[in-house]
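Student: Quick one: sequence and predicted model below, then my questions.
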Amino acid sequence: MSNLVGLFLLIGVGYGMVRGGLVPLSSTGALTSLLLKVALPATIFTSMIRPFDPSFVRDAVIIVVVSTVLFFLYAAVSAGLVRVFRVPKGRQGVWMLAATFCNNGFMGFPVAYALFGDEGLALAVMLGIPFNILMYSLGATQVSLDRCAGGEKTRLTVKQVLFSAVNGAILLGLIFYAAQIPVPEVIFTPLQHLSNITTPLSMLITGMSLAASPLPSLFRDRDAITCVVTRLILLPLLTWVLLLLLPIPNPLITSVILIIMSMPSAAVVTAMAQRYESDRELAARMVCLSSLLCMVTLPLIALLL
């Protein structure tokens, strides 16, 4: 609880930095690039540099399988809820996308690292594998439902899906782990220094992004509110119940899955909405509102661990 509160205080610092005029909002772009292309890959890679442990391989397979099933379950539940909540056509696809996919990398990895250490982060990285694959296949299918009647569907290339700094770090880390390749201290030490800035930097960026929109306006969009309730409350509670029923041998797996799946909507939802001609404004509201309210819901979900 105290760890989570500390992380969200950093979000408040980022919000105050922009609102107080200490840094421009435009600087979030450069800081995000630093996070996603340098700091986060360094954190992922260093978390995988560990002695070979057959139990970790077993845990990694379990978390990949369980998370894959959960993402498909979320997609099915969200497809039903758009009718229950009467989300209008032209918004249904992006609503389902924001409800289905959580912010596992940008916020999930740093929070998992802060709460569970290197082992928890390594498991969270394994969860990122099905996320990265399904986000741009299943997720693209969801948001494409909203495209204009005469518009053409723009497909992401295989290169765009697979060749990112984060995926590269995952692949490289798995190779070094499986082959037990030693990393010289002169290289490993600066990588650790870079990984140490991941958590505070990601929280600051989240707070800075929240400062982009007047907070009262976020609470006036009914569809944004229903999506956020689904993403932050309904789906995490469903996940918690299902995890209780599964015979998972390592309780850390359960903890990591529940925390990651309780994260706000993925930051990439806004970009996906623009690419597939959906409601970009709604996407931004859902991402922003869920990122704000998770400061309340995430500590409460953590109490279920």
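Tutor: Noted; the coordinates are in hand. Quick caveat, the model's predicted, so the values are computed rather than measured.

Student: and the gap between residue 280 and residue 269?
Tutor: Computed as C-beta to C-beta, to the nearest Å, the residue 280 to residue 269 distance reads 10 Å. For the C-beta atoms, the positions are set from N, CA and C on the backbone; glycine is no exception.

Student: neighbour count winner among these two?
Tutor: Using other C-beta atoms under 10 Å as the criterion, residue 280 and residue 269 rank with residue 269 on top: 30 against 17.

Student: For the more buried one, list the residues it contacts.
Tutor: 94, 97, 98, 101, 283, 286, 287 (C-beta atoms under 8 Å, 6 or more residues apart in numbering).

Student: Looking at those residues, which are in helices?
Tutor: 94, 97, 98, 283, 286, 287 (DSSP state H).

Student: How about residue 88, nearest residue that isn't a chain neighbour?
Tutor: residue 223 (7.6 Å; C-beta to C-beta, 6 or more residues apart in numbering).

Student: What's the PyMOL syntax to select whichever of the ones in helices among the contacts of residue 269 are buried?
Tutor: In PyMOL, this line selects whichever of the ones in helices among the contacts of residue 269 come out buried by 16 or more other C-beta atoms under 10 Å:
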select buried, resi 94+97+98+283+286+287
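
Student: picking up where we left off before, which helix or which strand is home to the residue nearest to residue 88?
Tutor: helix 222-229 (DSSP states H and E).

Student: do residue 67 as well
Tutor: Counting by DSSP H and E, residue 67 is part of helix 54-84.

Student: I'd like to know which elements that helix is packed against.
Tutor: Judged by 3 or more C-beta pairs under 8 Å, 6 or more residues apart in numbering; DSSP states H and E, the packing partners of helix 54-84 are helix 92-100, helix 109-135, helix 138-143, helix 235-245, helix 251-261.

Student: Which positions within that helix qualify as buried?
Tutor: Neighbour count says helix 54-84 has 56, 59-60, 62-64, 66-68, 70-71, 74-75, 77-79, 81-82 buried, by 16+ other C-beta under 10 Å.

Student: and if you look at stretch 183-197?
Tutor: For stretch 183-197, by 16+ other C-beta under 10 Å, it's 191, 194, 195, 197.

Student: Rebuild the residues you listed as a markdown table, extending it with pLDDT and secondary structure.
Tutor: Listed next are the buried residues of stretch 183-197 as a markdown table, based on pLDDT from 0 to 100; DSSP: H, G, I helix; E, B strand; the rest coil:
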| residue | pLDDT | secondary structure |
| --- | --- | --- |
| 191 | 94 | helix |
| 194 | 92 | helix |
| 195 | 87 | helix |
| 197 | 88 | coil |
